[in-house]
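Peer 1: Just need the structure, nothing else, for what follows:
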Amino acid sequence: MSIARSSNKQKSLKMKKTIFLIIILFFIGSQMSGQVIFDLDPSQSMSITGKGPGQDATKNPYSYTNSLAIIENIGKNDFVIRVQEKDRRISTLTIKSNQVKEVALSTNQELYFDSDLKARASIEFKKRSNTIQVQNTLSPKDLKSLQGEWSDGSLTYMDYSSNKPFSMPAKVKVMRSKNGYHLTLDIQYPNEPHANSKEKIRLSKDGTLLNKHLIESRKELPDGELEITTSYAGKDNNKKAMIRNIYIIGESRFIIKKSVKFEDATDWLLRNEYEFTR
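Peer 2: Just a heads-up that it's a prediction; the model follows:
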């Protein structure tokens, strides 16, 4: 009888340990992949993931592979996120109040939050797989219609010396690389040939970056055109500014708009706009 009781006691103890271990593992798993909420103080820059224990606000459990950060601004003030790799800035994105953004992260990339005002955010990480698609991505197929000659067009830009817009005729020949991820734009100005130039449009292999800047939005327009928006921190006219590029891609229309918002301004200023038709 004592042997049977001892055996039953051991089984009961073993079962309790197993249940306890399952609960602990479940709790750890939910903490690793669940939503984390945190506050940012004014003029604070916070490492979200990538620097190591004691320095990160939270840990990306999928830093060893391609992952997805789902970020929501649950406060009243805007904040900026930065994606970096080995101290090299990959992209910058402003997240406004009540906005939710999906940010694709590659292996070992670091994610930072910057805020001039008090802000509040939540973040959740997911492993990128065939069942999880990044919302704002492009493929070479999306850029294919740009190939060829666009003989009718113009460039309009803000002349800072006069603070007035200036326009001149322009045309462009677009050439694609073999894999379709790189485009070369041979831009010509019939009235000012000395200003002719060649520009590049580069798409990252995972389709999340255009000219090394995060694709902030992808919008299908009613007429079948595609509108792509990127934004990043930079300089214009030797002043710090947020820079926003909008690309409109269609079979018969191609537009590139560049707008800037200076550090001490509240409104966006149209810096220049290319518009081509065929």
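
Peer 1: Quickly list what the residue nearest to R253 when sequence neighbours are not counted is bridged to.
Peer 2: Nearest residue to R253, sequence neighbours excluded (CB to CB, 6 or more residues apart in numbering): T277, at 5.4 Å. Heads up, the C-betas are built off the backbone N, CA and C, glycines and all. Note on T277: beta-bridge partners by DSSP bridges are D152, R253.

Peer 1: separation between T277 and E251?
Peer 2: As for T277, its distance to E251 is 10 Å (criterion: CB to CB, to the nearest Å).

Peer 1: Tell me who's in contact with the nearest residue to Y62 once chain neighbours are set aside.
Peer 2: Counting by CB to CB, 6+ apart, K127 is the residue found nearest to Y62 once chain neighbours are left out, at 4.5 Å. Residues near K127 by CB atoms under 8 Å, 6 or more residues apart in numbering: Y62, T65, N66, S67, L68.

Peer 1: Which of the helices or strands spans the spatially most central residue of the chain?
Peer 2: The residue lying closest to the centre of the chain (CA atoms, centre = their mean) is L214, at 3.0 Å. Per DSSP states H and E: L214 is located in strand 213-220.

Peer 1: who touches the helix or strand that comes right after that strand?
Peer 2: Beyond strand 213-220 on the C-terminal side, the first helix or strand identified by DSSP H and E is strand 226-236. Strand 226-236 is contacted by residues 80, 91-94, 138, 142, 210-211, 213-221, 240-250, 260, 262, 271 when judged by CB under 8 Å, 6+ apart.

Peer 1: Stretch 203-215 now?
Peer 2: By CB under 8 Å, 6+ apart, stretch 203-215 touches 66, 83, 90-93, 103-104, 106, 134, 136-140, 143, 180-182, 200-202, 228-232, 245, 247.

Peer 1: Emit the PyMOL select command for whichever of the residues you listed are buried.
Peer 2: The PyMOL selection below is limited to those of those classed as buried (16 or more other CB atoms under 10 Å):
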select buried, resi 66+83+90+91+92+93+103+104+106+134+136+137+138+143+181+201+228+229+230+231+232+245+247
